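J.: Here's my sequence, what's the structure:
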Amino acid sequence: MQVTAATAGGERRFNPAQLGLWAGTGVVIYVAIDVALAFLRPDLSLLHRAESDYGVGPYSCLMDVNFLIRGVLSLLLAAALLRLGGSPRLRWGIGLIAVWGVASGLLAFFPDNPPGTPVTTSGGIHLTLALVAFLAVAVGTIVLAVNFRQLPRLQPLAGPALALALIAVIPLLLLGRTHFQAHTLDGLYERLFLGLELLWILVVGLRLHQTRSPSPEMSA
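T.: Alright, predicted model coming up:
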């Protein structure tokens, strides 16, 4: 079957290697914006205040953009993994990453309720979306890592990816115990969890890019 130049160009743009690179680039941009917000909003403690609190008040638009970036980069990785095929269990893991991505993006439209502010419907939706997103990515990364052995391109990453996914569960459990109460380390635990999950996405995305397959041949 002949492959046209246009078709081959589309395959190069949307193959797992390219999608993985875009996902990894999204992680870098996300972290850069988070670091910028830490300097722009020194009034919000990194140890005691949730990342979502950046979405209320000065520079809130930057946090909204970051939520959208997190959603897009996660969906890019899910699309990259979906193109590799695999068993139904692998697709379940990909589906959970997609849920995490969609829920992360929706957080931009529902500001949370920082401590000391009135409880709102938006804040309740935000908390629900965050809970869904966190649980989805925690389970999804574990399911995927366990099944990476099915995929030749990711097989060497199975052990390290599983270890990273399991370590990420620790700060999530600690975060659950704080109930986001005042003077707890909820901000620290949340950032550790998000950082580990984003690192997982970065590592997998870069692995996909580094092991890219040859471009398809083109014929007129």
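J.: going forward, measure contacts and count neighbours with C-alpha atoms only.
T.: Noted.
J.: So, low pLDDT: which residues of this protein?
T.: 1-13, 180, 182, 212-220 (pLDDT under 70).
J.: on contacts alone, who are the packing partners of the longest helix seen in the chain?
T.: Ranked by number of residues, the top helix in the chain under DSSP state H is helix 121-147. Applying 3 or more CA pairs under 8 Å, 6 or more residues apart in numbering; DSSP states H and E, one finds that helix 121-147 makes contact with helix 88-106, helix 158-178, helix 186-210.
J.: As TSV, these with mean neighbour count and distance to Asn147 would be great.
T.: Formatted as TSV, these follow (neighbours: other CA atoms under 10 Å; distance: least, CA to CA, whole Å):
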stretch	mean neighbour count	distance to Asn147
helix 88-106	22	6
helix 158-178	17	8
helix 186-210	21	13
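J.: could the ones you listed go into TSV alongside distance to Gly140?
T.: Output for the helices and strands packed on helix 121-147, formatted as TSV (distance: least, CA to CA, whole Å):
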stretch	distance to Gly140
helix 88-106	4
helix 158-178	9
helix 186-210	10
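J.: nearest to Ala78, of those?
T.: Ala78 lies closest to helix 88-106 among those, at 5.4 Å (CA to CA).
J.: Packing partners of the closest one?
T.: Against helix 88-106 (3+ CA pairs under 8 Å, 6+ apart) you get helix 60-82, helix 121-147.
J.: winner for burial among these?
T.: Stretch with highest mean neighbour count among the helices and strands packed on helix 88-106: helix 60-82 (a mean of 23; mean count of other CA atoms under 10 Å).
J.: so who does the residue nearest the centre of the chain touch?
T.: Residue closest to the mean C-alpha point of the chain, counted by CA atoms, centre = their mean, is Ser74 at 4.6 Å. Ser74 is in contact with Ala23, Ile97, Ala98, Trp100, Gly101, Ile201, counting by CA atoms under 8 Å, 6 or more residues apart in numbering.
J.: and if you look at Gly123?
T.: With contacts defined as CA under 8 Å, 6+ apart, Gly123 is in contact with Phe110, Pro111, Asp112, Asn113.
J.: gap between it and Leu174?
T.: Applying CA to CA, to the nearest Å, the value for Gly123 to Leu174 is 22 Å.
J.: same question, Ala79
T.: From Ala79 across to Leu174, the span is 31 Å (CA to CA).
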